[in-house]
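Peer 1: Would you be able to build a 3D model of this:
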Amino acid sequence: MLPNAALSRRTLLAASPALALATPALAQSAWPSRSIRLVVPFSAGGAADSAARVITPHMGQRLGQNFVVENRTGASGSLGGNEVARATDGHTFLWDASSHLVNPALLPRLPFDYATAFTPVSLVVAFPSSIAVKNDFPATTLAEFVAAAKARPGVITVGTQGNATAGHLGLVAFARRAGIEVIHVPYRGGAAAAQDLAAGAIDAVFTTLVSAGPVVEGGRARFLAVGTTERVESRPEVPTISESGFEGFESNEWAGLFGPANTPPAVVQALSDALVEAVAVPAIRQRLVQIGCVPLATRPDDFARFVTEGRAAMAALVRDANIRAE
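Peer 2: Here you go, the predicted structure:
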């Protein structure tokens, strides 16, 4: 199991639109008093960035101020994290992903402590992972893929979106669970890995559905399984890893909202309510599904627990697998 990228059944159920009965907006509150700055430590146009840009306009309408999305990439997302960790204006927040949990184990000399520098607000969306193979790979099911890997240990090549990413860590966790040995091939993004898969340069990928989807839709690769505990709304025909012989296995990328340390509880609550309401809007929910997300918008306490448990699990996995920052 990969807690930092995992979607528990409880979390998925919490994503129900029935929970969207958000409290009234802060009519008399002094916050927010100006535009809200959302730092996204990933490139513009990616899945996480796209999800933020789909959701924040509605949040801005509810809160009475615009969100300004700012992409601050670099150092595995820690540059953007440092920007928010140092913020004292009360209007700067972080839209982060699994690197939030992995970086402390990979980058020990950071100028801030991920465990104390942020206030978790919400696990907003998940990006289901997937295992896909090239068209001529001799497996049509995950069981057949595992059998092929066992027959040829250390031969099958599997691409991910990069070293120490959710895809890499998910692959490590799955290989251990399945008892197989494969060759990890890191790329600069899941789309690049998927293109090489379509070209036949690698045997398989362990990356997000949104990254692998175009080459599968183009008939140049095929899905074997997804990493959620339940089948994904946008790909109901693809079985889960859990139902394919590895019960309980979960592995997914995600995006969540954080404030700096000591963000006032009233602000956290206002942001959480705005997120829950936004994700429940049918047009927004439909758009998130279209770009490959599973909408969640969990509450702060649940997200804080997810972060704490995930950070510990990732530290153990990085250490045990001897993963190093590039």
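Peer 1: Can you name the residues that contact the closest residue to Ser43 other than its chain neighbours?
Peer 2: Nearest residue to Ser43 in three dimensions, chain neighbours excluded: Thr73, at 5.7 Å (C-beta to C-beta, 6 or more residues apart in numbering). C-betas here are computed from N, CA, C, even on glycine. Shown in contact with Thr73 (C-beta atoms under 8 Å, 6 or more residues apart in numbering): 41-43, 79-80.
Peer 1: Repeat that for Arg177.
Peer 2: Contacts for Arg177 (C-beta under 8 Å, 6+ apart) come out as 246, 249.
Peer 1: For it, what are phi and psi?
Peer 2: Backbone torsions of Arg177, given as degrees, to the nearest 10, read phi -60, psi -40.
Peer 1: What of Val39?
Peer 2: Note on Val39: its backbone torsions stand at phi -90, psi 120 [degrees, to the nearest 10].
Peer 1: Please, which helix or strand holds the spatially closest residue to it that is not a sequence neighbour?
Peer 2: Spatial nearest neighbour of Val39, chain neighbours left out: Gly80 (4.8 Å); criterion: C-beta to C-beta, 6+ apart. Gly80 belongs to helix 78-85 when assigned by DSSP states H and E.
Peer 1: After that helix, which helix or strand is next?
Peer 2: strand 92-96.
Peer 1: what angle sits between that following strand and helix 78-85?
Peer 2: On the basis of axes from the mean of the first three to the mean of the last three C-alpha atoms, to 10 degrees, strand 92-96 is oriented at 150 degrees to helix 78-85.
Peer 1: Check which residues of whichever helix in the chain runs longest are buried.
Peer 2: When the chain is parsed with DSSP state H, its longest helix is helix 300-320. Of the residues in helix 300-320, 300, 302-304, 306-307, 310-311, 313-315, 317-318 count as buried by neighbour count, 16 or more other C-beta atoms under 10 Å.
Peer 1: Centre-most residue in the protein?
Peer 2: The structure's the chain has its C-alpha centroid closest to Trp254; by C-alpha atoms, centre = their mean the separation is 1.8 Å.
Peer 1: Okay, now the sheet partners of whichever strand or helix holds that one, with direction.
Peer 2: Per DSSP H and E, Trp254 falls inside strand 252-260. Here strand 252-260 is paired, per DSSP bridges, with strand 92-96 (antiparallel), strand 118-134 (antiparallel).
Peer 1: next structured bit after it?
Peer 2: Once the chain leaves strand 252-260, the next helix or strand it forms, by DSSP H and E, is helix 265-280.
Peer 1: Against which helices or strands is that next one packed?
Peer 2: Contact here means 3 or more C-beta pairs under 8 Å, 6 or more residues apart in numbering; DSSP states H and E; on that basis helix 265-280 packs against helix 47-63, strand 118-134, strand 252-260, helix 282-290, helix 300-320.
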